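Chemist: Please find the sequence and the predicted model below.
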Amino acid sequence: EENRHGIVMRDYLVVTRGVDPVALENDRMANMTKGAHSDDLNGLMRGVAYVAVQELGTRVSHKNTGKACNDPVADRMLQRIAADENLHMIFYRNICAAALDLAPDQAMEAIAGVVSNFDMPGIGMPNFRRMSLTMAKHGIYDIRQHLDDVVWPIMRKWKIFERNDFTARGEQAREELAAYLEKTEVDAKRF
């Protein structure tokens, strides 16, 4: 499904000449040949926690991109993709919820690690930082949206700050997460 999303977005951009197709392909190849390593996430639980957050972030980004395009075709296409991303997020979010019930400390450590060190996919793409700033400038995705529309809804759904089933290990991870979220809130206000 993710491949189909990429295909339809690429085809839209090429057909509409929204971007230089040669530059698009060069950037895609640069990113793809770089590869990704699953050990970067340090285990299954951390990987699942990452995609729960990432899929929701992607949904927000695609939905806002559709609106910003000011093109009904692009908007409908990206709304459909955003709906798929939401289903992906629900799947992973539910797996994390079950993990919190089965192994609360391990799940809390994974969640805290992911949220505190989160990067959207494509971080290694050419010009990613510049593109991120452009996206923020146009209201597509920024630190405020990341907190309000992604992180906090997931934290509330998992009842991270209401749970009482952590041992000292899980409590420490939750405290580290709380400190990170406080710092990030300050950054978001400044941004």
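Modeler: Thanks, I have the structure now.
Chemist: got a list of what the residue most central in space within the chain touches?
Modeler: Residue closest to the average C-alpha location in the chain (Cα atoms, centre = their mean): residue 54, at 2.3 Å. Counting by Cβ atoms under 8 Å, 6 or more residues apart in numbering, residue 54 touches 118, 120-121. In this view, the C-beta of every residue, glycine as well, is placed from N, C-alpha and C.
Chemist: which one among these gets closest to residue 30?
Modeler: residue 121 (14.5 Å; Cβ to Cβ).
Chemist: isn't residue 176 right next to residue 111, touching?
Modeler: No. In this structure, residue 176 is not within contact of residue 111 by Cβ atoms under 8 Å, at 10.6 Å.
Chemist: name the helices or strands packed onto the lowest-mean-pLDDT helix or strand in the chain?
Modeler: One helix or strand of the chain scores below all others by mean pLDDT, DSSP states H and E: helix 21-34, with a mean of 84. Counting by 3 or more Cβ pairs under 8 Å, 6 or more residues apart in numbering; DSSP states H and E, the packing neighbours recorded for helix 21-34 are helix 2-16.
Chemist: do that again at 10 Å, thanks
Modeler: helix 2-16, helix 128-137 (3 or more Cβ pairs under 10 Å, 6 or more residues apart in numbering; DSSP states H and E).
Chemist: Would you mind putting these into a markdown table with mean neighbour count, distance to residue 189 and mean pLDDT alongside?
Modeler: Output for these, formatted as a markdown table (neighbours: other Cβ atoms under 10 Å; distance: least, Cβ to Cβ, whole Å; pLDDT from 0 to 100):
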| stretch | mean neighbour count | distance to residue 189 | mean pLDDT |
| --- | --- | --- | --- |
| helix 2-16 | 13 | 33 | 91 |
| helix 128-137 | 13 | 14 | 87 |
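Chemist: Out of those, which gets nearest to residue 66?
Modeler: helix 2-16 (10.7 Å).
Chemist: Hey, what's the angle from the closest one to helix 21-34? Just curious.
Modeler: With axes from the mean of the first three to the mean of the last three Cα atoms, to 10 degrees applied, the angle from helix 2-16 to helix 21-34 works out at 160 degrees.
Chemist: And residue 176 and residue 111? Which one has more around it.
Modeler: Neighbour count, other Cβ atoms under 10 Å: between residue 176 and residue 111, residue 111 has more, with 28 against 16.
Chemist: Can you verify my assumption that residue 131 contacts residue 61?
Modeler: No. Checked against Cβ atoms under 10 Å, the pair residue 131 and residue 61 is beyond contact range at 11.3 Å.
Chemist: Give me the common contacts of those two.
Modeler: Residues touching both residue 131 and residue 61 (Cβ atoms under 10 Å, 6 or more residues apart in numbering): residue 140.
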